[in-house]
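Asker: give the three-dimensional model of this entry:
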Amino acid sequence: MPYLKLSAACLAYGHVPLLDHADFQLDPGERVALIGRNGTGKSSLLAAMAAGTGRGRLDDGEVWVQPGIRVGYVPQEPPFDPAMTVFQAVVSGMGETSALLAEYHDVSHQLAEGVGDHDALLARMDSLQHELEARGAWAYEAQAERVIDRFGLDPEASVGALSGGQKKRLALAQALAVAPEVLLLDEPTNHLDIVAIEWLENLLIESGVTLFFITHDRSFLDRVCTRIVELDRGKLASFPGSFTQYQQRKEAMLHEESLANARADKLLKEEEVWIRKGVEARRTRAVFRVQRLDKLRAERQARRERMGKVNLQLDSGDKSGKLVAELEHVNKAYGERQIVRDFSARIQRGDKIGLIGPNGAGKTTLLRLILGELQPDSGIVRQGTKMEIAYFDQFRTQLNPDSTLADVISPGSDYVEIGGARKHVIGYLEDFLFAPERARSPVSSLSGGERNRLLLARLFAKPANVLVLDEPTNDLDIETLELLEELLQTYEGTLFLVSHDRTFLDNVVTQTIAAEGEGGWKEYAGGYSDWAGYQASLAKEAASKAKAEARPVAKPAEVPRAKADKLSWKEQRELEALPGKIAALEGEQAELTKLLEDPTIYQRDAPAAQKAAERLAAIDDELMQCLERWEALESRAG
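Answerer: Predicted coordinates:
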């Protein structure tokens, strides 16, 4: 039985339907990713699923939730009362019990610190204990404390004092505190650093919770999801497997669609020519062709074209000097906290540098030191010449919510100059997928993804030979991300990129500056994967060295080699049977892979599809065990 089901869902804002009789089903154990272009209605769909009934949020259709299951929901921007403590915020999702738990926690804290009337506090605690026992709420409190500890949060901290990443952790903790069977997540990786994202990946996979989530992080998609559902022009299409498999199948589908549309357009054109020939088209024997023409016209009018691509252009302007910045033994601290310690680097024109590190490590401080916006406590910083710097701010502070889109791009003028050519601001906004009628709309009316597109449009409207991008990938859809990647790869200026999108870093940067802890920073060649691979090799070497030092030295005479290498009769039979067993597993693996490649399998027989996916995962482990055993026996047999 499915956990959630969406039937004939309809939702529209204005004249464009976001959901057009869309259907969807979420089965136990699935981890389904919802993807699509910005503004297609993904967050609206997820909110409707979280509501438990479509009538409250949908224009038409129904959301069915299996009776009795617990659903956790984390919106893109979770609403919290800044005056609450972390513990109060986590238990606030537990219904009526939450207020009692929050008060019990507060009274316990006051008693521990000796604050207030001791006797009155004891009496109130006794009353709360009886009421909580009657509700069976102690399990909820234990669960809340576990998730708070798991997410590394201080239960007494004020919500208003938390950073963006900590608030995202708090929202996830609140959702997990009710031990949900289904978890709905809207952009869970936004504001999290790479370490936190990888930790969240492991948590979601190991927990076994059924997931339905929105993300544009391609590495997160490939690691977590078992199925991808795309929202495109009001319809939902299912693609079992990884994001890479989805891309291959989607490309083939779009090619077939374009061919079918071309054939339909050609036929319509021929029929329009025929109808204009005059008298012969009005004869009785031609009625069928007239009716067919009416049908073709109606189909063409109803066709929803796929949303166009952003037309990104970036003018690098005049070349800067060959040297952009040089740092020698630079140090910077705030109070007792060392942010940058003895850092030296030389940055030249054309370098594409990625900065990685946990939230709060000091990436922004290091950038400001490199660009000369901040003076070091000690050391030398030299800036290059002829630098024209453009800065993308992840918090979008450059966007005035009350300004119109046109004023943001070109205040006081109707034209922008790109690469030496003048272009009207409305046409320029159309390049970034903003309709002409929205040019006079306020910034406050835009979604998160649209605001990021607008900020990119503002950034690229002026020439710049040094580009600083601080988390530019947040809220951007995958197609726009890929176009931005292509643009930055061919950019001739110098790029500084702060991002937690591992795929984006790998595809853009040529070198990486990584936080090493306690103010240490080190430069590496390549992108995130190169840095992560180097760190993994260092950890492996350290572990091997520690293991070798701890291992006792064996005496050669104690275990005769000939006796140790000889296979027993049972092991010999096992060795002979292993090739056949491996071949059988590989055959079963091929059959299951072929079965799951069928896009309709989840609609026809969801339990069988889920069972096949689980068996396919188990086969991988069995094959690895068989191969390792075969190798061990073969080496002993000599």
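
Asker: and the helix or strand encompassing Glu230, what does it pack onto?
Answerer: Assignment of secondary structure by DSSP states H and E places Glu230 within strand 227-232. Packing partners of strand 227-232 (3 or more Cβ pairs under 8 Å, 6 or more residues apart in numbering; DSSP states H and E): strand 16-26, strand 31-35, strand 235-240, helix 243-275. The C-beta positions use only the backbone N, C-alpha and C, and glycine is treated the same way.

Asker: the third one pairs with which strands, and in what direction?
Answerer: Here the strand partners of strand 235-240, with direction, are listed using DSSP bridges: strand 227-232 (antiparallel).

Asker: repeat for the second one
Answerer: On the basis of DSSP bridges, the sheet neighbours of strand 31-35 come out as strand 210-214 (parallel), strand 227-232 (parallel).

Asker: okay, the angle between the strand holding Glu230 and helix 243-275?
Answerer: On the basis of axes from the mean of the first three to the mean of the last three Cα atoms, to 10 degrees, strand 227-232 is oriented at 30 degrees to helix 243-275.

Asker: next, the angle from strand 227-232 to strand 16-26.
Answerer: Using the same axes, to 10 degrees: strand 227-232 against strand 16-26 is 160 degrees.

Asker: can you list contacts of strand 227-232?
Answerer: Applying Cβ atoms under 8 Å, 6 or more residues apart in numbering, the external contacts of strand 227-232 come out as 19, 22, 24, 30-37, 40-42, 45, 221, 236-243, 246, 250, 306, 602.

Asker: of these, select the buried ones using a PyMOL command.
Answerer: Selecting the buried subset of the contacts of strand 227-232 in PyMOL, with 16 or more other Cβ atoms under 10 Å as the burial test, is done by:
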select buried, resi 19+22+24+30+31+32+33+34+35+36+37+40+41+42+45+221+236+237+238+239+240+241+242+243+246+250+602
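
Asker: can I assume Val330 sits in a strand?
Answerer: Yes: judged by DSSP: H, G, I helix; E, B strand; the rest coil, Val330 forms part of a strand.

Asker: in the stretch 251-400 of the chain, where is pLDDT below threshold?
Answerer: 254, 274, 277-290, 293, 299-310, 394-396 (pLDDT under 70).

Asker: all strands of it, in order?
Answerer: Under the criterion DSSP state E, counting those that start in this stretch, the stretch 251-400 of the chain contains strands at 323-334, 337-348, 352-356, 378-383, 389-392.

Asker: and the fourth one, which strands flank it?
Answerer: Pointing back at strand 378-383 there. strand 323-334 (antiparallel).

Asker: tabulate the CA atom coordinates of the partner strand in PDB.
Answerer: In PDB, the C-alpha atoms belonging to strand 323-334 read as follows (Å, rounded to 0.1, in the frame of the first residue of the first chain):
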ATOM      1  CA  LEU A 323      49.200  39.300 -11.000                       C
ATOM      2  CA  VAL A 324      45.800  39.500  -9.300                       C
ATOM      3  CA  ALA A 325      47.000  39.000  -5.700                       C
ATOM      4  CA  GLU A 326      50.000  37.800  -3.700                       C
ATOM      5  CA  LEU A 327      49.900  36.900   0.000                       C
ATOM      6  CA  GLU A 328      52.900  36.200   2.100                       C
ATOM      7  CA  HIS A 329      52.600  34.800   5.700                       C
ATOM      8  CA  VAL A 330      49.200  36.500   6.200                       C
ATOM      9  CA  ASN A 331      47.500  36.200   9.600                       C
ATOM     10  CA  LYS A 332      44.100  37.400  10.700                       C
ATOM     11  CA  ALA A 333      42.200  36.900  14.000                       C
ATOM     12  CA  TYR A 334      39.100  38.100  15.700                       C
END
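
Asker: between it and strand 337-348, how big is the angle?
Answerer: Interaxial angle, strand 323-334 versus strand 337-348 (the same axes, to 10 degrees): 180 degrees.

Asker: ok so, going back, compare the strands of the stretch 251-400 of the chain and give me the one nearest Ser92.
Answerer: strand 337-348 (32.5 Å; Cβ to Cβ).

Asker: kindly export that closest one (C-alpha atoms) in CSV.
Answerer: Output of strand 337-348 as CSV, limited to C-alpha atoms (Å, rounded to 0.1, in the frame of the first residue of the first chain):
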residue,chain,number,x,y,z
ARG,A,337,39.9,33.0,17.3
GLN,A,338,42.5,32.6,14.5
ILE,A,339,40.8,32.9,11.1
VAL,A,340,43.8,32.9,8.8
ARG,A,341,47.2,31.6,10.0
ASP,A,342,50.5,32.0,8.1
PHE,A,343,48.9,31.7,4.6
SER,A,344,50.8,32.4,1.4
ALA,A,345,49.6,32.2,-2.1
ARG,A,346,50.1,33.8,-5.6
ILE,A,347,46.9,34.3,-7.7
GLN,A,348,47.3,35.1,-11.4
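
Asker: can you give the distance of that strand from its chain's centre?
Answerer: 30 Å (Cα atoms, centre = their mean, to the nearest Å).

Asker: equivalent analysis for stretch 3-20, please.
Answerer: Offset of stretch 3-20 from its chain centre (Cα atoms, centre = their mean): 23 Å.

Asker: endpoint to endpoint, it covers what distance?
Answerer: Start-to-end span of stretch 3-20 (Cα to Cα, to the nearest Å) is 22 Å.

Asker: what does it rub up against?
Answerer: 21-28, 40-41, 44-45, 48-49, 54, 57-66, 69, 71, 181-182, 210, 212, 231, 233-236.

Asker: please repeat the previous calculation with a cut-off of 7 Å.
Answerer: The contact list for stretch 3-20 (Cβ atoms under 7 Å, 6 or more residues apart in numbering) reads 21-28, 40-41, 44-45, 48-49, 54, 58-66, 69, 181-182, 210, 234-235.

Asker: of these, buried ones?
Answerer: 22, 24-28, 40-41, 44-45, 48-49, 54, 58, 61, 63, 65, 181-182, 210, 234.

Asker: Val466 and Ala22, how far apart?
Answerer: Separation of Val466 from Ala22 (Cβ to Cβ, to the nearest Å) stands at 45 Å.
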